[in-house]
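>>> Take a look and give me a structure for this.
(2 chains)
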Amino acid sequence: LQAREKGDFMLDAAYVLIALLFFAALWWIARVCDGL
Amino acid sequence: MTGLGVLQIALFLLIIGLITKPMGSFMMRVFDGQRTFLHPVLQPVERVIYRLSGIKEDVEQRWTQYAGALIAFSVAKFVVTYLIQRIQGVMPLNPQGFSTAHAPMGATAITPDLAFNTAVSFLSNTNWQAYGGESTMSYFTQMVALAVNNFTSAAVGIAVAIAVIRGFSRQQAKSIGNFWVDMTRATLYVLLPLSFVGALYLCSAGVIQNFSPYTKVATVEGGSQTIAQGPVASQEAIKMIGTNGGGFMNANSSHPYENPTPLSNFVETLMIFLIPAGLTYTFGKMIGDQRQGWAIFAAMALMFLIGVFVTYHYEQKGNPILEKLGVQTAITQDQAGGNMEGKEVRFGIPASALFATVTTDASCGAINSWHDSFTPLAGLVPLFNIMTGEVIFGGVGSGLYGILLYAIVAVFIAGLMVGRTPEYIGKKIEQKEVKMAMLALIATAASILLLAGITSVVHFAKNGYWNAPGPAIANLNNRGPHGFSEILYSYASATGNNGSAFAGISVNTPWYNLTLGLAMLTGRFMYIIPLLAAAGSLAAKKRIPVTEGTLPTHGGLFVGLLVGTVVIVGALTFFPALALSPIVEHFLMLDGKLF
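Numbers count the residues shown, from 1 in each chain, chains lettered A, B, ... in the order given. The predicted model follows:
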């Protein structure tokens, strides 16, 4: 893995988490839409 | 405008019209599970895929299951694409040594924010590129991470469009198809064969396809130059056919290794509309009334013609300031005249105007000229095309489901005007469908306007992570309204999943990579989820018979209403922002000011 910036692994975890949170929110929106 | 230029545009539309029916019929057979001429070869492959992955071909899904499968697939694609980028330094097919200690001077590092942006970009069919392909990505990453996403993201778009069509075509049904089956068929029967033929043609036209290290040559001036190589043709075909748009090279389709001749340029332009135009016919066939499909086609063709001729007119007219300075801007036998800044001499003004319009009518985003260099009103056309959701033929699948969303809004408005419950193709359009259409329109408009607005005013602290210190607009190369156009275009392009850049803005910073990434996710999935919800609701309804009070949706009146809805919704939402960018820039240009 590149190590150009200190704390890269933390940043990796943060960006993957952001994407996962988006998709989790999307699933929640889908459930809400289903109930409308 | 020249006769040849007009003829080229007319020939383009004629060919698109001619291929719509065979392409549309073929796709209808594929998604209806009927035999096609490719089945003897590909059906065994399809069955093996189902057996290996445990897909039950005949088990259908409710819309929530369909959406859930789509979300799960997107999560998996994100993780794999992110990982491949971050470990490309230890992966094979990397003769330039990108992401290693031997990386060439000037190579771009794939930082976490760039990997996030690129993964989101390719999984969402946007192909926004905050990096230069030939100075960042290994051949392995280009092929395994990016080109695979080009196929799967296009297949997802087609699958969703087919699911939405089923919503209209079915009655009292609980399901709208099987996501895995639709996606497999879209990839196997539609995208792979077309891309294979397309790549062979592009190779014959001069597009490169190799795994060689980059070539170093001595220039006639005694300097040295590095010429990038790579498996370009195989990525180029799906880049156009899948309306992905992400170039192997930074210069995209203006690079001679991606688009070598005027003929390859014309064919690449046709490739963009090939599937989206065909899907209008598939729509008509699947709902059992081809007139409905042709009405959609007519609305799209009308908007395409308006856009392309506005762009062509203003580009051929050129910049009046240059004319006042005595620069020859009139067309002659020896020169193109008009505004040739940012254009390839090989293609000239008509082919550049046509390409720019087509690539933003669709959510392709490939470019063969620099939209940043267009005259203000010519640049307004691509921007407005993207802002209205790219529904003029549109992206593969996304164009059709986008225009069906506008059709729902159009019949709703018509229903309000005459005081009747709106209907579309025998289905009552009720509260649920209108709510879903509004959710999609508002979410995407908010993404563009809010993020562009915030970026225009935000300041960054010294020694911070997100951007260079100072205002985010310091990343721009142009000031005034042109600079604002660059920001607005970026967020419109990301949200609209177009991926083309107006250029003139340095976006490879954590701030831009994150916010543009979020815009891409919002633009893609906040359209898909509400539309699948509407499809689920429509599929459960009965078809109602046509009465005297039914608005005919296959004639000129509906075509006009649909075009009007797209234009008016777009204008009402974005006019203030556009007034501050290309429109005011146009008047200031007439007043002698450039930015």
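
>>> any weak-confidence spans in the chain?
Picked chain A for this. Across chain A, the ranges flagged by pLDDT under 70 are A:1-7.

>>> residues in it within reach of chain B, list them.
A:1-2, A:4-5, A:8, A:11-12, A:14-16, A:18-20, A:22-23, A:26-27, A:29-31, A:33-34, A:36 (Cβ under 8 Å from any Cβ of the partner chain). To be clear about C-beta, it is placed using only N, CA and C from the backbone, and glycine gets the same treatment.

>>> Give me the buried subset of the residues you listed.
A:2, A:11-12, A:15-16, A:19, A:22-23, A:26-27, A:29-30, A:33-34 (16 or more other Cβ atoms under 10 Å in any protein chain shown).

>>> Out of those residues, name the ones that lie in helices.
Counting by DSSP state H, the part of those found in helices is A:11-12, A:15-16, A:19, A:22-23, A:26-27, A:29-30, A:33-34.

>>> And the residue of the stretch 451-595 of chain B closest to chain A?
Nearest to chain A in the stretch 451-595 of chain B, going by Cβ to the nearest Cβ, is B:Ala533, at a distance of 4.0 Å.

>>> ok, now which ones touch the closest residue to that residue other than its chain neighbours?
Nearest residue to B:Ala533, sequence neighbours excluded (Cβ to Cβ, 6 or more residues apart in numbering or on different chains): A:Cys33, at 4.0 Å. Neighbouring residues of A:Cys33 by Cβ atoms under 8 Å, 6 or more residues apart in numbering or on different chains: B:Met436, B:Leu439, B:Ile529, B:Pro530, B:Ala533.

>>> Please work out how many residues are found near the last one.
For B:Ala533, the number of neighbouring residues by other Cβ atoms under 10 Å in any protein chain shown comes to 27.

>>> Could I get the buried residue list for the host helix or strand of it?
Here B:Ala533, judged by DSSP states H and E, is contained in helix B:510-539. Buried positions in helix B:510-539, judged by neighbour count with 16+ other Cβ under 10 Å: B:510-539.

>>> What is the subsequent helix or strand relative to it?
With secondary structure assigned by DSSP H and E, helix B:510-539 is succeeded by helix B:556-578.

>>> roughly how far out does that next one sit from the chain middle?
On the basis of Cα atoms, centre = their mean, to the nearest Å, helix B:556-578 sits 20 Å off its chain's mean C-alpha point.

>>> Name the residues of the stretch 451-595 of chain B found near chain A, please.
Taking Cβ under 8 Å from any Cβ as the measure of proximity, the stretch 451-595 of chain B contacts chain A at B:Leu514, B:Leu518, B:Leu521, B:Phe525, B:Met526, B:Ile529, B:Pro530, B:Leu532, B:Ala533, B:Gly536.

>>> Without its sequence neighbours, what residue ends up closest to the fifth one?
Right, the one you point to is B:Met526. B:Ala443 (3.8 Å).

>>> what's near enough to touch that neighbour?
B:Ala443 sits in contact with B:Thr522, B:Met526, B:Tyr527, where contact means Cβ under 8 Å, 6+ apart.

>>> Could you tell me the phi and psi values at it?
phi -60, psi -40 (degrees, to the nearest 10).

>>> Which residues of chain B lie near chain A?
Going by Cβ under 8 Å from any Cβ, the residues of chain B near chain A are B:63-64, B:67-68, B:71, B:74-75, B:78-79, B:82, B:86-87, B:89, B:99, B:109-113, B:115-116, B:119-120, B:432, B:435-436, B:439, B:514, B:518, B:521, B:525-526, B:529-530, B:532-533, B:536.

>>> Once you drop chain neighbours, what's closest to B:Ser138?
That would be B:Asn94: by Cβ to Cβ, 6+ apart, it lies 3.6 Å from B:Ser138.

>>> Can you verify that neighbour is assigned to a strand?
No: checked against DSSP: H, G, I helix; E, B strand; the rest coil, B:Asn94 lies outside a strand; its state is coil.

>>> quick one, phi/psi of it?
phi -140, psi 60.

>>> For chain B, name the helix or strand with the lowest mean pLDDT.
helix B:320-324 (a mean of 90; mean pLDDT, DSSP states H and E).
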